[in-house]
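Colleague: return atomic coordinates for the entry below.
(chains A, B and C)
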Amino acid sequence: MRNNLYILKVAIPVPVYRLFDYLPPLDLDPKTLKPGIRLTVPFGKGQKTAFLIGIDSNSEILSAKLKRIEAVLDERPLLSDRDLSLLHWAARYYHHPLGEVFSAAFPVALRQGKPATIKAEKFYVLTEKGRLLNPEQLRRAPKQQQLLYQLQTQRDAVPASHLNAIIENWRPAAKALQDKQLLRLEGVAVNATTHLILNPQLHPNSLQQEAIEQVVSALSRFEVFLLEGVTGSGKTEVYMQVIRSVLERGLQVLVLLPEITLTPQLEQRFRLRFAVPITISHSKLTDIQRQQAWLGMQRGDYAIMLGTRSALFTPLARPGLIILDEEHDASFKQQEGFRFSARDVAVVRGKLLNVPVLLGTATPSLESVYNVEQGRYRLLHLTERAGNAAPPKMLLLDIRNKRMQEGLSEPLIAEMHKTLAKNEQVLLFLNRRGFAPTLICHGCGWVARCRRCEANMVVHYDEALLRCHHCGSEQRLLPQCPECETGQLTPLGLGTERVEKALAQLFPGRSVIRLDRDTTQRKGVLEDALERINRGDVDIILGTQMLAKGHHFPNVTLVVMLDVDSGLFSIDFHASEKLAQMIVQVSGRAGRAEKPGRVILQTRKPEHPLLTILIKDGYGRFARSALAERRLAELPPYSFQALLRVEATDSAVPLQFFEQLMQAVEPNRTVRMLGPVPAPMSRRAGRYRYQLLLQSATRPELHRFLDKLMPLIAGLKLTRKVRWSLDVDPVDLY
DNA sequence: AGCACGCCGACT
DNA sequence: GTCGGCGTGCTC
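Modeller: Predicted coordinates for the structure are as follows:
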């Protein structure tokens, strides 16, 4: 130990809960090194990209062991002090190593130590000649005509990324226009503030107006708004008009969406509305594209970013607003590694940045409803559907003792015929892909099981194989039973593939399209399908939960949920909330136009309170009654949970691990320990899984307990032999 | 997480 | 006699 030294405290992306000490580089004044900058450090055998956390005058480490920083990668930190404290908070809250939390905040390219430089984007601008040319004169070159027309609507130079988003394969046309001296390249960014609005805003109804005004009046401070509005109530228009006010103040907007498939639609709408630089960030982009988007926001080149969960930490040069759309969606919770909730972290980030956070959804999470009740969030309720569209009518169809054909009851089939006869579309929802979830031998009762999981193999007839939906392992579909070798193998239960085949029989001459993970694997398939549906080339749409998100089907007037019951009896207390959200979200796909929509739910439990409350009184009442149940059962949000998951290939090891841990743990009256118990799926991909649920009446008590628990876990020998994870505020208890 | 060190079994 | 199995410990 020595004093009067500069010791750099550094976070490294390794699963270790402490910082590492290094000596500063010789050629730089250590005082100029600011927390948050990236460094290259020697670590073990190799080197790693690390993050400077602070500078201290002493070290616990013997000075002989201290190594020197290899390189300083950033002159100044890429994250603001507030964002740095957000990362510190998140590491503490989720009990995750700081280096890995930092790593998650940066795009891959910067994590790898690439320089934080921006490629100048190419901008296109019309020449004098180009601006004056009548697009009609290019009638024989439609692409060029379209490009010219688009550029004429813009007053400034337009970046290539904008053209990428609005015109397919525009580059040859741009080349042609350049050759004709109608267009030239420019290296300068547009001036984002000269004009903002390209296309006129819609006229908001009074509720939208009220919502817009409330958020706009809070634009210079932190407040959380829950914008609750059914499909078609015009949430997006509220977003856009609020965004306009943010842009007018010269500030930036971060918009988070649950899924990649939803970004192109919204991006299009934003680009048609706003004449400002917009960028996107999601996992389908290349590392370089994401780095450019991230740095572009950091420098303030872009005014709006649309992105998925991982975009949450994108630095903002001029933070103005955070929007999180479909806030109830479970994909905002990261399910591995650093298991953060983008919704909850967004709220904390808004608080630190002193900007409002706007959460939008038709089906608020119970946590958000609770936060409204507690006065923490302000509710903005859009109850009217814009354009006077009638809300869909929901109907429970009791299928007990009804004749069924492959999951379709006779009354349902009759309703479908009626709808189709009117030249309207039917949407069938079944959240199970494959042909059948079980294959059983009619002779001896043998069932096809996964060798590596505690689960049955799912029959996929199209590909003639059995597949495990939990680990992905596959087997050829056998002609006869491997056990008795005589029995006939019978598929049991219902999947989308089976229903698709039944529909072909029941509705000959009608075109059926199936949309699930199996049919939409290839790129562009989903987009093509959606286009065919909206053109009216499809009569019956059948699919899994990918149908529940975002897409509008204006000509669908009948929505059917084939099997509602499988969601009614789950051991996970979140299941009823998720089912209710699913029902409402799927219902929202119908009746968008003037034609009223209907929703039929097939059930054998028509008296189940979840269904009756939801259908009779709507989602709001359901949410309140579900919250009342949570309160009685002392479940979140009335208590606080963390889930410790442990898995190992050796079946005895997880329990031994827990045994040792429980011996080391000091008993604590304020934190209940439920378990350890086998996980609901007790074996997965060859690993035996156990879990311990921790629950407390207050968050500080839970966190104090976890603070003590983590070093105990790190200290156990058996920790090396297991895979373990801690999930704070788990949403999926599997 | 990687990676090296180290102490016991089946091979040229 | 060695190659390599993975149990254990460390990384500043």
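
Colleague: distance from stretch A:689-703 to the middle of the chain?
Modeller: Distance of stretch A:689-703 from the chain centroid (CA atoms, centre = their mean, to the nearest Å) equals 25 Å.

Colleague: give me the contacts around that stretch.
Modeller: Residues from elsewhere that reach stretch A:689-703, judged by CB atoms under 8 Å, 6 or more residues apart in numbering: A:92-93, A:634, A:639-647, A:654-655, A:658, A:668, A:670-679, A:681-683, A:705-706, A:733. Every residue, glycine included, has its C-beta placed from N, CA and C.

Colleague: buried subset of these as a PyMOL selection?
Modeller: Per 16 or more other CB atoms under 10 Å, the buried members of the contacts of stretch A:689-703 correspond to this PyMOL selection:
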select buried, chain A and resi 93+639+640+641+642+643+644+645+646+647+654+658+668+671+673+676+678+679+682+683+705+706+733
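
Colleague: shouldn't A:V559 be within a helix?
Modeller: No. Going by DSSP: H, G, I helix; E, B strand; the rest coil, the assignment for A:V559 is strand, not a helix.

Colleague: burial of A:H574, as a residue count?
Modeller: 17 (other CB atoms under 10 Å).

Colleague: let me redo that: A:R451
Modeller: Other residues near A:R451 come to 11 when the count uses other CB under 10 Å.

Colleague: nearest spatial neighbour of the residue nearest to the spatial centre of chain A, skipping sequence neighbours?
Modeller: Nearest to the geometric centre of chain A sits A:P258, at 2.9 Å (CA atoms, centre = their mean). Spatial nearest neighbour of A:P258, excluding adjacent residues (CB to CB, 6 or more residues apart in numbering): A:D329 at 3.7 Å.

Colleague: how is chain A carved up into domains?
Modeller: A:7-112, A:122-187, A:206-382, A:393-435+A:494-631, A:640-728 (the TED database).

Colleague: next, the distance between the ends of stretch A:501-512.
Modeller: Across stretch A:501-512, the terminal residues are separated by 9 Å (CA to CA, to the nearest Å).

Colleague: typo on my end, stretch A:328-340
Modeller: For stretch A:328-340, the end-to-end distance is 15 Å (CA to CA).

Colleague: rewinding a little: let's see which of the contacts of stretch A:689-703 end up in helices.
Modeller: In helices, defined here by DSSP state H, the members of the contacts of stretch A:689-703 are A:92-93, A:654-655, A:658, A:705-706.

Colleague: make a markdown table out of those and add distance to DNA strand C and pLDDT.
Modeller: A markdown table is the format used below for the ones in helices among the contacts of stretch A:689-703 (distance: CB to the nearest atom of the strand, whole Å; pLDDT from 0 to 100):
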| residue | distance to DNA strand C | pLDDT |
| --- | --- | --- |
| A:R92 | 20 | 97 |
| A:Y93 | 23 | 98 |
| A:P654 | 15 | 92 |
| A:L655 | 17 | 91 |
| A:F658 | 17 | 93 |
| A:F705 | 24 | 95 |
| A:L706 | 20 | 96 |
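
Colleague: one step back: out of the domains of chain A, which is the most enclosed?
Modeller: Highest mean neighbour count of these: domain A:206-382, a mean of 20 (counted as mean count of other CB atoms under 10 Å).
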